[in-house]
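K.L.:
Predicted model follows, preceded by the sequence.
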Amino acid sequence: MPELGGTTAAQLREHAASLDAARPDSADPRTDDVHVPDVPLYLVGDVRRGDDMLDWTPAEAHAELARRARTPLTISEGVSWLLQEPDRREPGRCFMCIGSRKRKTNGALDARTPALWISGGTGRDGRENKGAPKVGWYWVNNHHTWPGFASASVRLGPSRVGLTGL
């Protein structure tokens, strides 16, 4: 089982699922402009952490990513990326996954956006979790000084990369 700073992929997925379960009012946690291939396995190309957009709001970053013809990562893609490239997990260099947003019962997007970062071992995290990866959220209209905005240039399903039967 792949590991990230002592936390297994299963533990990260379980935590991400618990965040979804806490809000049963959203059947599809993606923003309207994020189109994920309808297959269990797909490729995400040219992934970037978005360090050039520090101190932006998620709303500003979302518009800028669209202008750059990039697509924001979903929380599942962000976790998968860190499992594939654990060196992208650095202290003070976290990122938001603004392609995932909850929907309210009225259809509007929730004011929170998910993020991945490294625990400082303070507060509710506890000292024993210092350095562990963490899944949490930020407010969509607030400036945040240290997370970037993870994005990709493309999502490709198996048929687009010459694979079949997946």
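P.N.:
Thanks, I have the structure now.
K.L.:
What are the boundaries of the strands in this structure?
P.N.:
3-4, 7-8, 43-45, 71-72, 94-96, 112-118, 133-139, 147-149, 151-152, 154-156 (DSSP state E).
K.L.:
Low-confidence ranges, the chain, go.
P.N.:
For the chain, applying pLDDT under 70 flags the ranges 1-30, 160-166.
K.L.:
still on that earlier bit, Throw the strands of the chain into a markdown table and include distance to residue 125 and mean neighbour count, thanks.
P.N.:
All C-beta spots, glycine's among them, are computed from the backbone N, C-alpha and C. Putting these into a markdown table (distance: least, CB to CB, whole Å; neighbours: other CB atoms under 10 Å) gives the following:
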| stretch | distance to residue 125 | mean neighbour count |
| --- | --- | --- |
| strand 3-4 | 16 | 15 |
| strand 7-8 | 12 | 16 |
| strand 43-45 | 29 | 16 |
| strand 71-72 | 26 | 25 |
| strand 94-96 | 14 | 27 |
| strand 112-118 | 10 | 23 |
| strand 133-139 | 7 | 18 |
| strand 147-149 | 17 | 25 |
| strand 151-152 | 27 | 24 |
| strand 154-156 | 32 | 16 |
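K.L.:
closest to residue 56 out of those?
P.N.:
Residue 56 lies closest to strand 147-149 among the strands of the chain, at 7.1 Å (CB to CB).
K.L.:
helices or strands up against that closest one?
P.N.:
For strand 147-149, the elements it packs on are helix 58-67, strand 94-96, judged by 3 or more CB pairs under 8 Å, 6 or more residues apart in numbering; DSSP states H and E.
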